[in-house]
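Asks: quick one, fold the following:
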Amino acid sequence: MDLIVLTGRPASGKLTVARELAALTGWRLFHNHLVVDALLAVFEFGSPPFVELREKIWTDVFARASAAGLPALIFTFTAENTVRQAFIDRLAPDARTRGDTVHFIELTCPEPEIERRLDAASRHATKKLTSLELYRQLARDGAFARPTMPPPEFSIDTGALAPAAAAHQIWQRLHLAPG
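Replies: Next up is the predicted model:
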């Protein structure tokens, strides 16, 4: 299985591009807020049980998707300081153990565009970060500086490229067959 990990700051377009990529390729989409939102019903964000269960569910889904024979799985993810470095460090080795490949693709976007997008109606459908004030505080506090991600295979500026065009570029650059 190919695990396509779309990373980037909040509001960089990860879920929007991922949906376009899933529609283009037929690959399954497992975005991080499926797990985050479920766990927030029970645990405080960043609490030890939240962090442990979030990572366990993520990794269990990757393993089960691989065992089920999925050709590819799209995963959206923001590296922020409640994610343990060990989770990031295990992604590629765990995938290789299963015979899978992880593709880290970074979505970038100019800060003014990220700040403009934060309060978009689509972000309110999940428990995504929507507060400009909180985003700026988190950025000032270094919340997005850790954990350290592996170098991406490539980066795409979603401030300069429409979501469908970004998805098409990802599909072409990965040279993977549609699902």
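
Asks: what sits against Pro150?
Replies: Contacts for Pro150 were tallied using C-beta atoms under 8 Å, 6 or more residues apart in numbering; they are Ile88, Ala92, Phe104. Where C-beta positions appear, they are placed from N, C-alpha and C, glycine not excepted.

Asks: make sure I have this right: it is in a strand.
Replies: No - going by DSSP: H, G, I helix; E, B strand; the rest coil, the assignment for Pro150 is coil, not a strand.

Asks: ok now the helix or strand of the chain with the lowest mean pLDDT, how far from the chain's centre?
Replies: Counting by mean pLDDT, DSSP states H and E, the weakest-scoring helix or strand in the chain turns out to be helix 132-140, with a mean of 83. Relative to its parent chain, helix 132-140 has a centroid offset of 19 Å by C-alpha atoms, centre = their mean, to the nearest Å.

Asks: now do the buried residues in that helix.
Replies: Tyr135, Leu138, Ala139 (16 or more other C-beta atoms under 10 Å).

Asks: any idea of the mean pLDDT for whichever helix or strand comes after it?
Replies: Once the chain leaves helix 132-140, the next helix or strand it forms, by DSSP states H and E, is strand 154-157. The average pLDDT within strand 154-157 is 97.

Asks: ok now strand 154-157, how far from the chain's centre?
Replies: Using C-alpha atoms, centre = their mean, the distance between the centre of strand 154-157 and that of its chain works out at 14 Å.

Asks: and the pLDDT at Glu44?
Replies: 96.

Asks: what of the one 4 residues further on?
Replies: As predicted, Pro48 sits at a pLDDT of 98.

Asks: go on, Ala160?
Replies: Reading off the model, Ala160 has pLDDT 87.

Asks: and it, what element?
Replies: Assigned by DSSP H and E, Ala160 falls outside every helix and strand.

Asks: also His168?
Replies: Per DSSP H and E, His168 falls inside helix 163-174.

Asks: with just CA atoms, put that helix into PDB.
Replies: What follows is helix 163-174, C-alpha atoms only, in PDB (Å, rounded to 0.1, in the frame of the first residue of the first chain):
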ATOM      1  CA  PRO A 163      -7.200  22.100  -5.000                       C
ATOM      2  CA  ALA A 164      -8.000  20.000  -8.100                       C
ATOM      3  CA  ALA A 165      -4.800  21.100  -9.800                       C
ATOM      4  CA  ALA A 166      -2.800  20.300  -6.600                       C
ATOM      5  CA  ALA A 167      -4.400  16.800  -6.400                       C
ATOM      6  CA  HIS A 168      -3.600  16.200 -10.100                       C
ATOM      7  CA  GLN A 169       0.000  17.200  -9.500                       C
ATOM      8  CA  ILE A 170       0.300  14.900  -6.500                       C
ATOM      9  CA  TRP A 171      -1.100  12.000  -8.500                       C
ATOM     10  CA  GLN A 172       1.200  12.700 -11.500                       C
ATOM     11  CA  ARG A 173       4.300  13.100  -9.400                       C
ATOM     12  CA  LEU A 174       3.700   9.900  -7.400                       C
END
